[in-house]
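Visitor: I would like to see how this sequence folds:
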Amino acid sequence: MDDNKIMMYGTTWCGESIRAKKLFEDYQIAFEWINIDKDKDGEKRVKEINNGYKSVPTIIFPDGSILVEPDKETLKKKFLELGLV
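Guide: This next block holds a predicted model:
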């Protein structure tokens, strides 16, 4: 994992993952997308973070903070906090 990148772990079938990914794209914020259905190391990482659950999206920010299943407003607040928008 690159500590300078935003890492988003999700799936293509999860509405919350799709919405989070679209918000990043709408704001033109760079991130690395990891589909945990195809990346077993990514799935393992998500389970480690979420006490064995495959909760997505799980988003890790360069400052070390993690958001799990955030809503749109929580993500926007985080973008502002980190000076991304």
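
Visitor: C-alpha only now, for contacts and for neighbours.
Guide: Will do.

Visitor: what's the burial count for D63?
Guide: By the criterion of other CA atoms under 10 Å, D63 has 11 neighbours.

Visitor: and for I60?
Guide: I60 is flanked by 21 other residues according to other CA under 10 Å.

Visitor: OK, contacts around the closest residue to it other than its chain neighbours?
Guide: For I60, ignoring the flanking residues on the chain, the nearest one in space by CA to CA, 6 or more residues apart in numbering is I66 at 4.6 Å. Contacts for I66 (CA atoms under 8 Å, 6 or more residues apart in numbering) come out as 58-60.

Visitor: what of E32?
Guide: Counted by CA under 8 Å, 6+ apart, E32 has contacts 5-8.

Visitor: give me the low-pLDDT residue ranges for the protein?
Guide: Within the chain, the stretches falling below the threshold (pLDDT under 70) are 1-3.

Visitor: in which helix or strand would I find A20?
Guide: With secondary structure defined by DSSP states H and E, A20 is part of helix 15-26.

Visitor: buried set for the following helix or strand past that helix?
Guide: Under the assignment DSSP H and E, the closest C-terminal helix or strand after helix 15-26 is strand 32-35. Of the residues in strand 32-35, those buried by neighbour count under the rule 16 or more other CA atoms under 10 Å are 33-35.

Visitor: what about the strands in the chain?
Guide: Listed in chain order, the strands found in the chain under DSSP state E are 7-10, 32-35, 58-60, 66-68.

Visitor: state the distance from K40 to K78.
Guide: K40 is 28 Å from K78, where distance means CA to CA, to the nearest Å.

Visitor: and for K21?
Guide: Separation of K21 from K78 (CA to CA) stands at 14 Å.

Visitor: what does D37 give?
Guide: Taking CA to CA as the measure, D37 falls 26 Å from K78.
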